[in-house]
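Asker: Build me a structure from this.
(one chain, ligands or ions: 1)
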Amino acid sequence: MRKICLLAITVLLASCGATKNVLTADKTPVLAALDLKNVVDDKVAVTVDAGAFTTEEVSFFIPKTVPGTYSTDNYGQYIEGFKALDYEGKELEFSKTDENTWKISNGKSLDKVTYLVNDTYDTEGEVKDKVFSPSGTNIIAGKTFMLNLHGFVGYFGGLKEVPYELSVSRPDALKPTTSLTLKQLESPVANVDVFTADRYFDVIDNPILYAKPNTETFEINGITVTLSVFSPSGIYSALSLKDRMEKMMGAQKTFLGDINGTKVYNILLYLSTMEADDASGFGALEHHTSTVVVLPEAMPKDGLEQAMVDVVSHEFFHIVTPLSVHSKEVQYFDFNDPKMSQHLWMYEGTTEYFANLFQIQQGLIDEGEFYQRMMDKINNAKSYDDAMSFTEMSKNILVEPYKKNYANVYEKGTLINMVLDITLRQLSNGEKGVLWLMKELTEKYGNNTPFEDDELIDEIVSMTYPEIRDFFDTYVIGDTPIDYNEYLVKVGLKADMVEQETGYFLDGENPFIDVQQGDENVVFIRKGIQLNSFFTDLGAQGGDVIKSINDTAVSLKSIRPIIGQSFGWSPDTDIKMTVERGDEEIELEGKVGSPILNIETITPVEDASAETKKLREVWLKG
Ligand SMILES: [Zn+2]
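Answerer: Numbers count the residues shown, from 1 in each chain. Got it, this is the predicted structure:
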């Protein structure tokens, strides 16, 4: 029927100028169909069908990049068997102009395009720039499909803003979890789900996880949250993970207060087997009303829950920025020629800062844990270029040398916000901080009102204090490294070296020794880490290979019982260790002592004034 209908319109268009545009492609929803039932060779067949085209040449695109990933992923490389068909089903000629673009020259005859999609998860180990799993795609016929739709559904040039209708034919046992709207059909077809989206952006913004039902739904202050879990061995259920998520998101909502958010939120959790053909990029990607989380199934429950708390809280806070507060570059995202915004310090930095701050404010972690997290970020930030302008890095994040500094948005990006928060608190007598600022910006802008990229900082300065101009000019636009102690002292804290008790061979879960890959007989002292007093007092060095301890030859197998015994050593226990350093073999002898590790940590200043203590209180407790 459709074919006939469109033919009639084409004729009509040719003969009557007055009705032009009535049912042309720009006024007709784009229909995309995915066949998850008949998967052949691990590929899904897709059809994308628009209304009548009026131009000679039509371009079809699969995204090169998508919002939130800040990387070039070329999803077009996973497409094969591309065909452009006319209304009689005959193939039209086309040319592929780059990895993600197909040009069909006889546009007016074009009815639809069809192609096959390969998934990204099972080739992550083989490709050079692998797609981060939470934005990748997965096809396991009959079992599960991770539909990050930018990997499956493309768009025609000029038709990004028209509505989409997505029809998914699926195996009976698999059910979808998504924030896309399910269309109510007069005559539904069994095992075919039809979804609608207002524009292409909304297709991309709403991933779908198809799996055997393993979901839980709960309410938090007006938000309906659904957690959907794919656990390959079945070890994890949504029910078993629900409580911690519910508590955490409740705390987030309390922290955010009256910032307008979403009514629905879906958490799509994919647990990987970690086999060579499964996902290996762990973490999550944010969307307006959902998030895709990928983690290893082998994680113990505690670890998995903590990772979910850290990752999902970060993604959920993205509803503040960039999902609500963002620039035009984000609002009118160009999937195939993206222009990046300068404000990753906010999109990722503020988000990650909130994901830590809310935990201390809402009592999920204590002060010590919060300081430790900030200290870890100070240390982690040292692996990146501290003298790189954050706004310049952000604008150029897809290319080197900025690209390799990307992960610093989670480290220094957080710290920029911590310093800004302390500064705002100080200037406002404790009343205003970064959360206040984000509330103001949310009210001023919001979902559909983007800001001008190079006016945001002026705007923030005009909303706050002239001193904030200096802060941005120096540390965010400028390339001056931040002296954190200068700011910590304002809230009665300092970052300092302290002595901490530790183990002989292990500091908590972190070993001071390691085994050479491929040779379990070579046990060495790790290089490039802070060693404890046990090793340094003996005269051992990072890189030394431990040949024997108390005349027992050391291998992975024999060191285990020695580590076991070490828990019972008293400080005056004698030890003899033979190490190999370069070509030399060295005998080390002495008492084992009480192992001490010098670590840098953030601690309260003892004689801090009442004023600074009060400022710390409002900063940490809201
Ligand atoms: Zn993020």
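Asker: Please count neighbours and contacts with C-alpha atoms only from this point.
Answerer: Noted.
Asker: Could you report the separation of residue 309 from residue 430?
Answerer: Noted for residue 309: a distance of 28 Å to residue 430, by Cα to Cα, to the nearest Å.
Asker: Residue 386 too?
Answerer: Separation of residue 386 from residue 430 (Cα to Cα) stands at 29 Å.
Asker: Compare these two and say which is more crowded by neighbours.
Answerer: Looking at residue 386 and residue 430 with other Cα atoms under 10 Å, you find the greater number of neighbours at residue 430, namely 21 against 17.
Asker: excluding its backbone neighbours, what's nearest the more buried one?
Answerer: What sits nearest to residue 430 in space, not counting adjacent residues and going by Cα to Cα, 6 or more residues apart in numbering, is residue 615, at 5.7 Å.
Asker: Report pLDDT for the one you found.
Answerer: Among the per-residue scores, residue 615 shows a pLDDT of 96.
Asker: Helix or strand: which one has it?
Answerer: For residue 615, the enclosing helix or strand under DSSP states H and E is helix 610-621.
Asker: Please name every helix or strand in contact with that helix.
Answerer: helix 351-361, helix 408-427 (3 or more Cα pairs under 8 Å, 6 or more residues apart in numbering; DSSP states H and E).
Asker: Reformat the ones you listed into TSV and put mean pLDDT and distance to residue 233 next to each item.
Answerer: Conversion of the helices and strands packed on helix 610-621 to TSV gives the following (pLDDT from 0 to 100; distance: least, Cα to Cα, whole Å):
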stretch	mean pLDDT	distance to residue 233
helix 351-361	96	30
helix 408-427	97	32
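Asker: looking at the ones you listed, which is closest to residue 251?
Answerer: With Cα to Cα, the closest approach to residue 251 among the helices and strands packed on helix 610-621 belongs to helix 351-361: 7.4 Å.
Asker: next SSE after the closest one?
Answerer: Moving toward the C-terminus from helix 351-361, the next helix or strand (DSSP H and E) is helix 367-381.
Asker: In terms of secondary structure, what does that next one contact?
Answerer: helix 351-361, helix 408-427, strand 596-604.
Asker: Report the inter-axis angle for the last one versus helix 367-381.
Answerer: This means strand 596-604. Counting by axes from the mean of the first three to the mean of the last three Cα atoms, to 10 degrees, strand 596-604 points 110 degrees away from the direction of helix 367-381.
Asker: outside of strand 596-604, which residues touch it?
Answerer: Judged by Cα atoms under 8 Å, 6 or more residues apart in numbering, the contacts made with strand 596-604 from elsewhere in the structure are 371-372, 375, 492-503, 530-534.
Asker: Could you give the number of residues near the residue nearest to residue 122 when sequence neighbours are not counted?
Answerer: Counting by Cα to Cα, 6+ apart, residue 277 is the residue found nearest to residue 122 once chain neighbours are left out, at 3.9 Å. Neighbour count for residue 277, taken as other Cα under 10 Å: 15.
Asker: Now do the same for residue 277: helix, strand or coil?
Answerer: coil (DSSP: H, G, I helix; E, B strand; the rest coil).
Asker: how much space between it and residue 537?
Answerer: When distance is defined by Cα to Cα, residue 277 is 47 Å away from residue 537.
Asker: Please apply the same query to residue 202.
Answerer: For residue 202, the distance to residue 537 under the criterion Cα to Cα works out to 61 Å.
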